[in-house]
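Colleague: Here is a sequence together with a model predicted from it:
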Amino acid sequence: MESIPIEHGLILAGILFALGLVGVLTRRNIVFVLMSLEIMINASGLAFIVAASRWEHADGQIMFLMILTLAAAEVAVGLGLIIQMYRRYHTVDINVLSQMKG
Amino acid sequence: MQDLIWLLPTYPLLGFLSLVLTSGNLPKKVVGAIGAGSIGLSFLTAAVIAYQFLGSGETHLVVEMWTWMAVGNFTPGFSFYLDGLAVVMMLIITGVGFLIHLYSAGFMLDDPSYSRFFAYMNLFVASMLVLVLADNLLLLYLGWEGVGLCSYLLIGFWYEKPENGYAARKAFITTRVGDTSMAIGLFLLFAELGTLNIQEMLHAAETQWAVGSGLAVAASLLLLGGAVGKSAQLPLQTWLPDAMAGPTPISALIHAATMVTAGVYLVARTHVLFELAPNVQLLLAWIGLITLLMAGFTAMTQHDIKRILAYSTISQIGYMFLGLGVGAWSASVFHLMTHAFFKALLFLAAGTVIHSLHHEHSIFKMGGKRKQLPIAFASFMIGSLALAAFPFTSGYFSKDEILIAALEMEGPGMILWLGGVLGAFLTGIYSFRLVFVVFFGESKGHHEEKEVAGLSMATPLIILMVFALFGGWIQIPVDAVFSHGEVHEEHHISNLMHAIMIVVPLLGIGVSYLFFMSKTFSVEKLMANPLATRLHGFWFSGWGMDALYSFLFVRPFVFLAQVNKNDLIDAVYALLVEITRVAHVMIARTQTGQLRWYALSIGGGVVLLITLGVVL
Amino acid sequence: MILLFYIAGAVAVISTVAVILQTNIVHALIYLILSLLAVAVCFYVLGAPFAAVLEAIVYAGAIMVLFLFVIMMLNMGQHSIDQERSWMGPKVWIVPSILASVLLAQLLTVITQYDHELALTTVDVMEVSALLFGPYVLAVELASLLLLAGLVAAYHLAKK
Amino acid sequence: MILVVLISILFLGGVLAWLSEGLDSKFPRVVALAAVVIDLLVMMVLVGADAEGSGWIVQLNAQWIPRFGISFHLAADGLSVLMMLLTAFLGIIAVGSAWDEITERTGFFYFNLLWTLAGVIGVFTALDLFLFFFFWEVMLIPMYFIIAIWGHENKNYAAMKFFIFTQVTGMLMLISILALAYFHYIQFGWFSFDYFDLLKVSTSSAIEMWIMLGFFIAFSTKLPSFPFHSWLPDAHSQAPTAGSVLLAGVLLKTGAYGLIRFAVPLFPEASMQFAPFAMTLAVISILYCAKVAFAQTDIKRLIAYTSVSHMGFVMLGIYAWNEQALQGAVMTMLAHGLSAAALFMLAGGLQHRIHTRDMDHMGGFWPKVPRLSFVALFFSIAALGMPGLGNFVGEFLALLGAFQASIGLTVAAAFGLIFASVYSLWVIQKVFHGVYRNSDFDDTHLHDLTRREMFYFGAMMIGLIWMGMYPQSFLDMSSTTLTNLLNETGQLLFAQGSEL
């Protein structure tokens, strides 16, 4: 029976997560930030699937489904916010939105 | 009639209240009548009570008014206790007090605060009567503090001058130090003996404490603290000379005749305690001796007429302490009485002098005044003779008794006696220095002054002159009070000693005559010697005690208070606030509002947490 | 099959890198879809065909279309590409890269402690559904609520 | 029931006063005065009333939140009645001192004033610890408003400081109350916040000490005692006169009352262990604050520090825990209530007249305002412990009792008597003696005490003389309470004085 070492799956998830983090931290365009966030969420979903595969059980997949739902809701709200922001400030630069400074 | 003893303090108290409540709106004649009249009433009552009491043959009499406070077994009452000692004291206070009030009615006539003056004076007499008539120490303490308060108010009577206020505060606070010691003594006595009633307490002490026991020593020492404060003895004597800032009748009444002798009264009243602590009693004698000598030397150097008298008062009270210390209780009380006569006389006469010379205090700016001020001169002459214990004046008898008692004492009696005799010598010098400089010699300045002496001022002087001269023949009825402490026996004093005691004061007067009257010796020449100058300066400053206390207590206290004006503890809380505020500013700075910065922080936090998780 | 996993993994990583480096937002989105699809392939290989299908449909399909709509609404042209380029100087990369690599390194050290071979057994839709509507039914309800809330919020926010 | 009436008269009076402002800005003060006077009159019913053997004159126990054993339990014994009388009396004085001084938002002012009084009366009567804490907070918040709204130049700082100090330490007390209720639950299986139930709780000595400290810190902050005193000078110097009167006269006493009623009886053993420290703190308070007081130039700050110093005698007396000491503490509370209130009124009156509190600018007022000066002299003399006035009786008894507990500390505390005379006379010298110079301030409003003011001061003077000459009428009222407390705690504290 062919098999993949578990760490390879997790390493892939880790790399994707780290890349997503880099994206969130570097990009100033809020759409890119949101996209990078999706990458990170997706990476964590991947980790769950790997775990599901490890235990050969469906629980991990269900968790992935939950994450998927969460991502959908989050994107919907996030995009709504982007639209609002663009309407008010005519920019997608998140640096502009710094009124909450202490 | 004797049950009406409570009327004694009540009259002056009513006088005080009526003067206060009318707050100076009464005409001066009425004020004077109330002020002096209330004391006069008191004196009459006191005289009647004394007559009946002495006639009844009772040793003591207790009049209970009401229970002051009853807490557990602590039940001091507002009760008065009358015995021979109290009779003597109350007669002195009301009698001399009345004379001085009478004198004041004339003396203070020009003062705008006439009514306030008499109000305080009346309050003083009331307090003083409570002090001497109290049957328990707490009530005595009430009178004790009351007279201290009145002393404060009257020293600072002319409050516009800050130095008067300073002198008043100094007097109050210095005596308060002694009072606090006395209060602690009260706590101790109550804690150990379970009562503050003087007679019960003394009885309990006698039965419970052995002679020389630690508790007796502690209790008597603490009471002694109160006594030395009030009576201006070493080491708390510094306030009295400054207290002369008050009007002169005050000096006569409070700072010569009555209040300052309260310490003597206290010790005499609780003499049983002191007999239980012989060492403390000896200390009493030494305090008296040292004080009388120090004050005697200082008195020789002063040139303010009232300060001379003040130091002489300290010195005379030193004699009384010496007498108490050697166990001559009744002699001390006797001296207390005669001293009240002649010192009141001297002060009142000094008041006349000062008043007549437009508030001139320095004796060296006076001179040759015997013609201009005949009554004052006569008063001074008689007063000084009594003060210097000129034979057969009042002071002679009382001082003699004290010195004889010292001589008879075992142990250090001889030294005490010698010191006392030396003191008498000094007394002769300084008292007649005053007389010679002021009333003899060439007249200086103020040529045209006439003596200010209305009837109300002259009468008391004349009466006091009589008492100062002949007061020594009065028999004070205190034998019953001190009966078990004193052994009455014939004095085995050699004639030589008697002669010495008579001659030494005369010698003093003689020396004084040579220096200040005939100018056979010159003070200037003496002062040319640098040692003498330095000594003079040292004595003049009251042996540097003021400077010492200022250095030891006043300045450190003021310094500490100023340093800590803003309350160090508050700084601790302020620091806490400051730390919070700084932290707030620092953390607020991290709130940039930049989304990416927040994300970075979260990322960093995660890294940190994982690191911690791995490491730990 | 194993090879497929590694190829898909490589594609996912490369396309993700492209996403975060792209300046043209539409291109980036395409790369993101590619990345998601590649991950879907990984899911399939790992024995989760249902998840793989959902990944393709919901993620790569629905969510990305949503993005596309928004991008179209924002209507950013060449101007935005220039702006992106100007925002992406070399400096901005330093700190995030360091942080990300540290994090990755940590993850790797933790991950490599596990030593287990994945058997790649398929867990099919049946099992997933049975669980989903069995013990996890409450979670499903919560998820529906979440979606409803997201719907309402998105509607409210996007409204003028 | 009468206790509820007493409290609700004040609560309702407060509301009514607020509402009546709508009619005329002068109505609230009349309403407030009426409310307090009625309260005082109603209280008189309790004065003559017979107490049963337990000492409780009147009790009311109704369920409130039975789930947690919280009840609406009010009761008054001699001590409570005495404190309530002081509260109502000073309440009248406070209304009087605000009569002309407060001109803005009068309705809300008197509302706060009456609610503070209601809270204080609640504190003096509550026997359920939850209820006690409730009233504790009720008296705090209106007081905060009084300082923060009608205060002087630095009012916000002072009000906030007051609030934080009392609130934080109040929280500690709340924790202690909850812990105590919890240990009651552990021990008996049901929750109770009732005083009598909690008296029976016994815990390990370490826990007892911690819980006791929670109470102690709260009460000693209110008292206040070194080192928690530093809110007081600020609060007093900034508060309006009526606020100072209430603060010094009444609110500080709740701390002492709490110590007597709760801190010691609930934790007898811990208190016994702690007594030497508490007494030491008291002595430090007495001496330290007397010294700081002397250095002040702001007359209100000075009086505030003297308050701390005098309250030190109270704490000393309480922790000496014998009959004389406790009676002394109670008498000091009463007498200090009057004398400090009067001194603050005088300071407030001066500030009202010449718009400064700085003593460096004053001097020689005696001939200008003889009545005011005499009154000031009287109360200064009272404050320095002149026999014949109430303060002396209190301080002397407290020291007398403390002497039996600890000689060393009592001797140290007695030095406070000396310091007291130093600062009291200093005030007299600075303000009333010396030469009058009016270059430093506008003296057009410097007039002597009015008839109304004389009435208030006269009442307080008579009170102090009464306390000083015949304190028995007050001692009798509190003696049953105090002897009961002493018996309950088993005469525990080191009676022989060998501890220190």
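Modeller: Nice, thanks for sending it over. Numbering: from 1, shown residues only, chains lettered A, B, ... in the order given.
Colleague: And for stretch D:202-218, what's in contact with it?
Modeller: Contacting residues not belonging to stretch D:202-218 are listed as D:169-170, D:172-173, D:175-177, D:179-180, D:183, D:187, D:228, D:255, D:258-259, D:262-263, D:266-267, D:269-271, D:273-274, D:278 [Cβ atoms under 8 Å, 6 or more residues apart in numbering or on different chains]. (Glycine included, C-beta is placed from N, CA and C.)
Colleague: Identify the residues contacting D:Met315.
Modeller: So D:Met315 contacts D:Ser220, D:Leu223, D:Ser225, D:Ala256, D:Leu259, D:Ala278, D:Met279, D:Leu281, D:Ala282, D:Ser285, D:Ala329 (Cβ under 8 Å, 6+ apart).
Colleague: quick one: which helix or strand includes it?
Modeller: helix D:299-320 (DSSP states H and E).
Colleague: can you pull the buried residues of the following helix or strand past that helix?
Modeller: Once the chain leaves helix D:299-320, the next helix or strand it forms, by DSSP H and E, is helix D:323-354. Across helix D:323-354, burial judged by 16 or more other Cβ atoms under 10 Å in any protein chain shown covers D:323-351, D:353-354.
Colleague: Next, the angle from helix D:323-354 to helix D:299-320.
Modeller: Per axes from the mean of the first three to the mean of the last three Cα atoms, to 10 degrees, the angle that helix D:323-354 makes with helix D:299-320 is 170 degrees.
Colleague: chain center to the next helix or strand after helix D:323-354: distance?
Modeller: Toward the C-terminal end, the helix or strand that comes next after helix D:323-354 (DSSP H and E) is helix D:370-383. Centroid separation for helix D:370-383 versus its chain: 21 Å, with Cα atoms, centre = their mean, to the nearest Å.
Colleague: Also within reach of chain A: list those from the contacts of stretch D:202-218.
Modeller: Applying Cβ under 8 Å from any Cβ of the partner chain to the contacts of stretch D:202-218, one finds that nothing falls near chain A.
Colleague: In strands only, show me those.
Modeller: Using DSSP state E, the subset of the contacts of stretch D:202-218 located in strands is empty.
Colleague: What are the neighbouring residues in contact with C:Glu127?
Modeller: A:His57, A:Ala58.
Colleague: That one should be in a helix, yeah?
Modeller: Yes: assessed with DSSP: H, G, I helix; E, B strand; the rest coil, C:Glu127 lies in a helix.
Colleague: For C:Val137, see how far away it is.
Modeller: C:Glu127 sits at a distance of 15 Å from C:Val137 (criterion: Cβ to Cβ, to the nearest Å).
Colleague: for A:Phe48, same thing?
Modeller: For A:Phe48, the distance to C:Val137 - Cβ to Cβ - is 19 Å.
Colleague: Which residue of these two possesses the greater neighbour count?
Modeller: Neighbours per residue, other Cβ atoms under 10 Å in any protein chain shown: of A:Phe48 and C:Val137, the larger number sits with A:Phe48, 21 against 11.
Colleague: what are the ranges of the helices in the stretch 301-450 of chain B?
Modeller: Ranges of helices within the stretch 301-450 of chain B are B:305-325, B:329-356, B:374-387, B:394-408, B:413-439, based on DSSP state H, counting those that start in this stretch.
Colleague: cool, the stretch 51-200 of chain D as well?
Modeller: Using DSSP H, counting those that start in this stretch, helices in the stretch 51-200 of chain D cover D:78-98, D:106-125, D:129-150, D:155-188, D:195-198.
Colleague: Including mean neighbour count, could those go into a markdown table?
Modeller: A markdown table is the format used below for the helices of the stretch 51-200 of chain D (neighbours: other Cβ atoms under 10 Å in any protein chain shown):
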| stretch | mean neighbour count |
| --- | --- |
| helix D:78-98 | 26 |
| helix D:106-125 | 27 |
| helix D:129-150 | 22 |
| helix D:155-188 | 19 |
| helix D:195-198 | 18 |
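Colleague: Nearest to chain C among those would be which one?
Modeller: helix D:155-188 (34.8 Å; Cβ to the nearest Cβ).
Colleague: list the helices and strands that closest one packs on?
Modeller: Applying 3 or more Cβ pairs under 8 Å, 6 or more residues apart in numbering or on different chains; DSSP states H and E, one finds that helix D:155-188 makes contact with helix D:129-150, helix D:195-198, helix D:205-222, helix D:231-238.
Colleague: could those go into a markdown table alongside mean pLDDT and distance to B:Thr238?
Modeller: Formatted as a markdown table, those follow (pLDDT from 0 to 100; distance: least, Cβ to Cβ, whole Å):
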| stretch | mean pLDDT | distance to B:Thr238 |
| --- | --- | --- |
| helix D:129-150 | 91 | 45 |
| helix D:195-198 | 86 | 55 |
| helix D:205-222 | 90 | 39 |
| helix D:231-238 | 89 | 33 |
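Colleague: longest helix in chain A, by residue count?
Modeller: For chain A, the helix that runs over the most residues, judged by DSSP state H, is helix A:59-89.
Colleague: and it with chain C, contact?
Modeller: Yes: judged by Cβ under 8 Å from any Cβ, helix A:59-89 comes into contact with chain C at A:59-62, A:64-66, A:68-77, A:79-84, A:86-87.
Colleague: State the mean pLDDT of stretch D:350-362.
Modeller: The average pLDDT within stretch D:350-362 is 83.
Colleague: then that stretch to CSV, C-alphas only?
Modeller: Extracted C-alpha coordinates of stretch D:350-362, given in CSV (Å, rounded to 0.1, in the frame of the first residue of the first chain):
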residue,chain,number,x,y,z
LEU,D,350,-13.3,82.0,55.5
GLN,D,351,-12.9,80.8,52.0
HIS,D,352,-16.4,82.0,51.2
ARG,D,353,-15.5,85.4,52.6
ILE,D,354,-12.0,86.0,51.2
HIS,D,355,-11.7,83.5,48.4
THR,D,356,-8.5,81.9,49.6
ARG,D,357,-7.6,79.0,51.8
ASP,D,358,-3.9,80.0,52.0
MET,D,359,-3.0,80.9,55.6
ASP,D,360,0.0,82.9,54.4
HIS,D,361,-2.5,85.4,53.1
MET,D,362,-4.4,85.6,56.4
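Colleague: Any residue of that stretch touching chain B?
Modeller: No: counting by Cβ under 8 Å from any Cβ, chain B has no neighbours in stretch D:350-362; the shortest distance is 12.7 Å.
Colleague: What lies in contact with that stretch?
Modeller: If you take Cβ under 8 Å, 6+ apart as the criterion, stretch D:350-362 is touched by D:100-101, D:152, D:237, D:241, D:296-302, D:347, D:372, D:427, D:430-431, D:440-443, D:445-447.
Colleague: ChimeraX command to pick out the buried ones of those residues?
Modeller: To isolate the buried subset of the contacts of stretch D:350-362 in ChimeraX, counting by 16+ other Cβ under 10 Å, use the following:
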select /D:101,237,241,296,298,299,300,301,302,347,372,427,430,431,441,446
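Colleague: The contacts of stretch D:350-362 also near chain B: which ones?
Modeller: Restricting these to those near chain B - Cβ under 8 Å from any Cβ - leaves D:Gln296.
Colleague: how many neighbours does residue 40 have?
Modeller: Assuming you mean chain A. Quick note: A:Met40 (other Cβ under 10 Å) scores 18 neighbours.
Colleague: look at chain C instead
Modeller: So C:Ala40, with other Cβ under 10 Å, has 24 neighbours.
Colleague: where's it relative to chain D, distance?
Modeller: 56 Å (Cβ to the nearest Cβ, to the nearest Å).
Colleague: excluding its backbone neighbours, what's nearest that residue?
Modeller: C:Glu55 (4.0 Å; Cβ to Cβ, 6 or more residues apart in numbering or on different chains).
Colleague: who touches B:Ser113 in this structure?
Modeller: B:Ser113 neighbours (Cβ under 8 Å, 6+ apart): B:Gly24, B:Phe157.
Colleague: Cool, thanks, signing off.
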